[in-house]
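Visitor: have a look at this fold, sequence not included:
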């Protein structure tokens, strides 16, 4: 694992041990819970349908080359 990440974790742990502000601890706990959330349960039915259709297209070989897709969507890239 990246040493920089390990250093950040240790710094956070040290900081957490000194916290006395319950509101900050609650915010951190909420952030932790959000990280556990499965994105699939958060998206709309239309988004799920679109993803499933894309997977079906890919499984059936209905694909476009990357260069063709870039041309199609280049104004948004």
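Guide: Sure thing, it's come through. Everything quoted here is computed from the prediction, not taken from an experiment.

Visitor: what secondary structure does the residue of the chain positioned farthest from its centre sit in?
Guide: Within the chain, the residue lying farthest from the chain centre (Cα atoms, centre = their mean) is residue 20, at 30.2 Å. Judged by DSSP: H, G, I helix; E, B strand; the rest coil, the three-state class of residue 20 is coil.

Visitor: quick one, grab the pLDDT at it.
Guide: Listed pLDDT for residue 20 reads 94.

Visitor: now it. Its backbone dihedrals?
Guide: Dihedral pair for residue 20: phi -120, psi 0, per degrees, to the nearest 10.

Visitor: then the one 5 residues further on?
Guide: Note on residue 25: its backbone torsions stand at phi -60, psi -40 [degrees, to the nearest 10].

Visitor: so who does it touch?
Guide: By Cβ atoms under 8 Å, 6 or more residues apart in numbering, the contact set of residue 25 is 16, 19. No exception for glycine: its C-beta is placed from N, CA and C like everyone else's.

Visitor: what do you get if the cut-off is 7 Å, keeping everything else the same?
Guide: residue 19 (Cβ atoms under 7 Å, 6 or more residues apart in numbering).

Visitor: done for today, thanks.
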